[in-house]
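**Q** based on what follows, work out the 3D shape:
(chains A and B)
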Protein chains: 2
Amino acid sequence: MNRLQRVLEALAARIDTPAPIILTDVMQGNIDRVQAFAKERGLNVRPHVKTHKCLEIGRRQIKAGAVGITAGNVGEAEVFAAAGFDDIFIAYPIWPSGTKGLRLRKLAVTTRLRVGVDNFSAIDAIAEAMGSDAGRLEVVIEVDCGAGRSGAPPQAAGDLAVAARKRGLVPVGVFTYPGHGSSGPDARKRAAMDQEAALTDAVRSFKAVGITADVVSAGSTPTIEFATSGIITEIRPGEYVFNDLNNTRLGACTEDQIALFVAGTVVSDWVPKQVILDVGTKALSREGNPEIGFGAVAGTQAVLSKLNEYHGFLPLPSGAQFPIGTVLPVVPNHVCPVVVNFEEYIVTDSTGTTLEHWPVDARGFLN
Amino acid sequence: MNRLQRVLEALAARIDTPAPIILTDVMQGNIDRVQAFAKERGLNVRPHVKTHKCLEIGRRQIKAGAVGITAGNVGEAEVFAAAGFDDIFIAYPIWPSGTKGLRLRKLAVTTRLRVGVDNFSAIDAIAEAMGSDAGRLEVVIEVDCGAGRSGAPPQAAGDLAVAARKRGLVPVGVFTYPGHGSSGPDARKRAAMDQEAALTDAVRSFKAVGITADVVSAGSTPTIEFATSGIITEIRPGEYVFNDLNNTRLGACTEDQIALFVAGTVVSDWVPKQVILDVGTKALSREGNPEIGFGAVAGTQAVLSKLNEYHGFLPLPSGAQFPIGTVLPVVPNHVCPVVVNFEEYIVTDSTGTTLEHWPVDARGFLN
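**A** Numbering: from 1, shown residues only, chains lettered A, B, ... in the order given. This is a model prediction of the structure:
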């Protein structure tokens, strides 16, 4: 029986499934390892809290040496700011529709706030919303490095910085996200090189207009190990705190470095060579595909082949026996969309002797 | 400009995106139509609240004539019971691990509670957990009708009912879920016929052991229209209250009967012929595939081709123009996993003149 199954045995009587379980010793190891790596490379760490959305975990990241946090939207930033986090970067091309402009302005006057922008209309709209407080808002120009998502061409970074300054905002640097580094093990290094190149061009574009890029911010858990301090000043990994099967497949972590799994119970076993777990899309989210499956039972060859909302279909590897009532540790493919399904974490360690409940404080805050 | 876009124009200044928008007139039409259909067929309606997880919507379903509600787990049942819903069927093969047995017992003594069972071990474990209150818990035997998920063979229903009665529980009938009716338009009727056949066999199996099946419970939104009162006594549709693109494709609803959409804002447009919306997997969930996409912009040919957590990739149909800042109505493929991502609904009607906020009361209650 593997480590996670032993933990579940120790907790079984005290937890109802499905439930997300954190091993604090493994999580702390992940936090400390990345922090040490960054220190050695002369990089700041600004963890992305979208992965955990949990104040306690954010505090541990700061305590370990993080310079601040990264958020994915205004709601996440508000939750962490209200809890005393005072250096927050919303790494997203914010459009201040609805009440978002007012919320941004309120945040900017109470905490050190940076937001991403990648276009001129957003700069105007945000400046409009900030009014006389425009000078309180630092903007970081997002450039694209090959993910083909958001982000301006690196060569446009300078002009956007000038536009932001003209409107009274404070351009402090550039950021990008090497999303194409998740497409395969060999893609990580290439994406990291694309990232370095794009940020280098963006910094040059800043120089050309006479603005200094103090912040040169890079992703991401899969590309961390290739980040150098040549041009990059900070990294914004999120998933590293928990890790998951996708990162294991990419070679970005080992299975022993996975700090979160979802406890599920076998509830039905009528179909030959298959059992049903109480872990479906509303617990795991639909992350995966028929080829890699939708989550694996730790320490076994068993992989969920299909998910309904409250049902996980688990074909049994030959020889495997999971009687009804068995509680199994399911390791997600992608951890970020799992966490937001739950109100709280079950927090223990590799011995299963401790048991705490931590809220997923920013869950449901999406805008 | 279509109806949904007009609604968004009317609300734009008052909502932040992403946000789930309900059109109450369309929703009420869905509730009343299914209720009228069931009345005509002599069927009871026991709506599955997993789709909306909202007390106010549940109350409207009861007011329209529903006999009670269906829940997918103990947590949902607890939330609705605490709000006064007094006839609840947990249509799931419950295993009372952790504190779930105690929670079930507590629920059963305070409200009329039915739970699904499909195996003998669960019957023993649940009876154990109920102790002297076993007689307060009605059990409904789940049988499989071809979905290959949970549910005993119909012929085993009688023996399970006997076992339940021996343990002091109250077997009241049988239920099944024709999940294979969602695999395509032609699959709906076939699945409904499989459902009818399986329930007929299950009722016969009850008769053979001298137990009457008062409850003969069937799914589901895609198969409603094929349900007859020949053997079936109640239907448990969930999605019908909102509807979605999957049900439109199956022919189970029209686009005008879709009562929920997700408002998203165009935040970036650097990639030619593509814009990025602030609607990703954490708002829509990853429901769909590259072929059908991951959600469509109502009234247009635009379909989301890819989702990241906070980003939706929207290729632009020729001629379409969505400037940055445009708020668009995104219709989900599958509505159930969308709702649980949000704390509250934005509630309006087809004129966009009203604006209320309804909590997703049972969101996050997964066990």
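**Q** count of residues packed around residue A:230?
**A** 11 (other CB atoms under 10 Å in any protein chain shown). In this view, the C-beta of every residue, glycine as well, is placed from N, C-alpha and C.
**Q** which pLDDT does the model give it?
**A** Looking at residue A:230, its pLDDT stands at 86.
**Q** quick one: it from chain B, how far?
**A** Distance, residue A:230 to chain B, using CB to the nearest CB, to the nearest Å: 25 Å.
**Q** and the particular helix or strand that has residue A:164 in it, what does it pack against?
**A** Element membership for residue A:164, per DSSP states H and E: helix A:157-166. Here helix A:157-166 touches helix A:120-130, strand A:137-142, strand A:170-175, helix A:185-208, going by 3 or more CB pairs under 8 Å, 6 or more residues apart in numbering or on different chains; DSSP states H and E.
**Q** hey, which of those is tucked in deepest?
**A** strand A:137-142 (a mean of 26; mean count of other CB atoms under 10 Å in any protein chain shown).
**Q** what comes into contact with it?
**A** With contact meaning CB atoms under 8 Å, 6 or more residues apart in numbering or on different chains, strand A:137-142 is reached by A:89, A:91, A:93, A:104-105, A:108, A:112-118, A:123, A:126, A:130, A:150-152, A:157, A:160-161, A:164, A:169-177, A:202, A:215, A:217.
**Q** and those, which of them are buried?
**A** Buried members of these, scored by 16 or more other CB atoms under 10 Å in any protein chain shown, are A:89, A:91, A:93, A:104-105, A:108, A:112-118, A:123, A:126, A:130, A:150-152, A:157, A:160-161, A:164, A:169, A:171-177, A:202, A:215, A:217.
**Q** what packs against the longest strand that chain A contains?
**A** Secondary structure of chain A per DSSP state E: the longest strand is strand A:260-268. Packing partners of strand A:260-268 (3+ CB pairs under 8 Å, 6+ apart): helix A:3-11, strand A:19-23, strand A:274-277, helix A:281-284, strand A:327-331, helix A:336-339, strand B:87-93.
**Q** so how far is it from its chain's centroid?
**A** Distance, stretch centre to chain centre, for strand A:260-268: 23 Å (CA atoms, centre = their mean, to the nearest Å).
**Q** can you list the strands that it pairs with?
**A** strand A:19-23 (antiparallel), strand A:274-277 (antiparallel), strand A:327-331 (antiparallel) (DSSP bridges).
**Q** and the ones you listed as TSV, adding mean pLDDT?
**A** Formatted as TSV, these follow (pLDDT from 0 to 100):
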stretch	mean pLDDT
strand A:19-23	97
strand A:274-277	98
strand A:327-331	96
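**Q** distance to residue A:75 and mean neighbour count added to these, as CSV?
**A** CSV is the format used below for the strands paired with strand A:260-268 (distance: least, CB to CB, whole Å; neighbours: other CB atoms under 10 Å in any protein chain shown):
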stretch, distance to residue A:75, mean neighbour count
strand A:19-23, 20, 24
strand A:274-277, 31, 24
strand A:327-331, 28, 24
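**Q** so can I have CSV of the ones you listed showing distance to residue B:15?
**A** Compiled in CSV, the strands paired with strand A:260-268 are given as follows (distance: least, CB to CB, whole Å):
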stretch, distance to residue B:15
strand A:19-23, 30
strand A:274-277, 37
strand A:327-331, 36
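**Q** do you know which of the helices and strands packed on strand A:260-268 lies nearest residue B:16?
**A** helix A:336-339 (20.8 Å; CB to CB).
**Q** quick one: whichever helix or strand comes after the closest one to strand A:260-268, angle?
**A** The first helix or strand that comes after helix A:336-339 along the chain, using DSSP H and E, is strand A:344-348. Counting by axes from the mean of the first three to the mean of the last three CA atoms, to 10 degrees, strand A:344-348 points 100 degrees away from the direction of strand A:260-268.
**Q** only alpha carbons, please: show strand A:344-348 as CSV.
**A** Extracted in CSV, the C-alpha atoms of strand A:344-348 (Å, rounded to 0.1, in the frame of the first residue of the first chain):
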residue,chain,number,x,y,z
GLU,A,344,-12.3,23.7,2.0
TYR,A,345,-9.2,21.5,2.0
ILE,A,346,-8.6,18.6,4.3
VAL,A,347,-5.1,19.3,5.5
THR,A,348,-2.8,16.6,6.8
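**Q** helices and strands around that strand, which ones?
**A** Looks like strand A:344-348 contacts helix A:3-11, strand A:19-23, strand A:356-359 (3+ CB pairs under 8 Å, 6+ apart).
**Q** sheet-wise, list the partners of that strand with their directions.
**A** Partners of strand A:344-348 in its sheet, by DSSP bridges: strand A:19-23 (parallel), strand A:356-359 (antiparallel).
**Q** what about it, distance to the chain center?
**A** 18 Å.
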